[in-house]
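Enquirer: turn this into a structure:
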Amino acid sequence: LDDAGLEKMAGAIFGPKAPAVLEALRKDFPNDSPTYLATHLTTYGRMFAGSVQIAERKAAQGGAKAWFYLLEWETPVGPFRAPHTLEIPLVFDNVDNSRVLMGPGPAPQLMAKQMSAAWLAFARTGDPNTPALPRWPAYEVATRSTMVFNLQSRVVDDLYSATRRAVT
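Expert: Residues are numbered from 1 along each chain as shown. Down below sits the predicted model:
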């Protein structure tokens, strides 16, 4: 995909907001090609924005806390980096049954150790914090704390803020 094709695609999805969305995506993902920016149009322009909206509403209710995460770890299998559902074998710690998606080596199991521990902690207590991860604050609109899962997981406040602002 070239820039002209990317702009056409963005226009079809976002109409008059397309130039601002593309500018934001280029800011948040400065090293990505037009092809990967095209995947971000839907991933971050639609799904991520919707997830942020859900987290904001949950946090505003003032009841049970909201927790926000993003899987940054990229599978070495195929061209899609971190495709939808990649987290499933990681949170259920069944990497060896999913090597066709996970790829070889120890990295997928290291990811599964972190993610499955967080999901188990959340299921047990309503809080995903575990010694396997850095401290994971609950999602609040003021900070928008997001656990970014990778081999070295980290918490980022207001992740992809330019894109979030452009699409909302």
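Enquirer: looking at this, residue 148 is in a strand?
Expert: Yes - according to DSSP: H, G, I helix; E, B strand; the rest coil, the state of residue 148 is that of a strand.
Enquirer: what's the distance between it and residue 27?
Expert: 17 Å (CB to CB, to the nearest Å). Glycine gets a C-beta too; all of them are placed from N, C-alpha and C.
Enquirer: so those two - more neighbours on which side?
Expert: A count of neighbours by other CB atoms under 10 Å puts residue 148 above the other of residue 148 and residue 27, at 17 against 13.
Enquirer: what residues are up against the more buried one?
Expert: Shown in contact with residue 148 (CB atoms under 8 Å, 6 or more residues apart in numbering): 69, 70, 72, 154, 155, 156, 159.
Enquirer: which ones among the residues you listed lie within strands?
Expert: Applying DSSP state E to those, the entries found in strands are 69, 70, 154, 155, 156.
Enquirer: biggest helix in the chain by residues?
Expert: Taking DSSP state H as the criterion, the chain has its longest helix at helix 107-125.
Enquirer: all helices of this protein, in order?
Expert: Along the chain, counting by DSSP H, helices occupy 3-14, 18-28, 34-42, 49-61, 87-91, 99-102, 107-125, 161-167.
Enquirer: re the thing from before, from the rest of the structure, what touches the longest helix of the chain?
Expert: 67, 69, 73, 75, 87, 89-95, 98-99, 102, 127-133, 136, 147, 149-151, 153.
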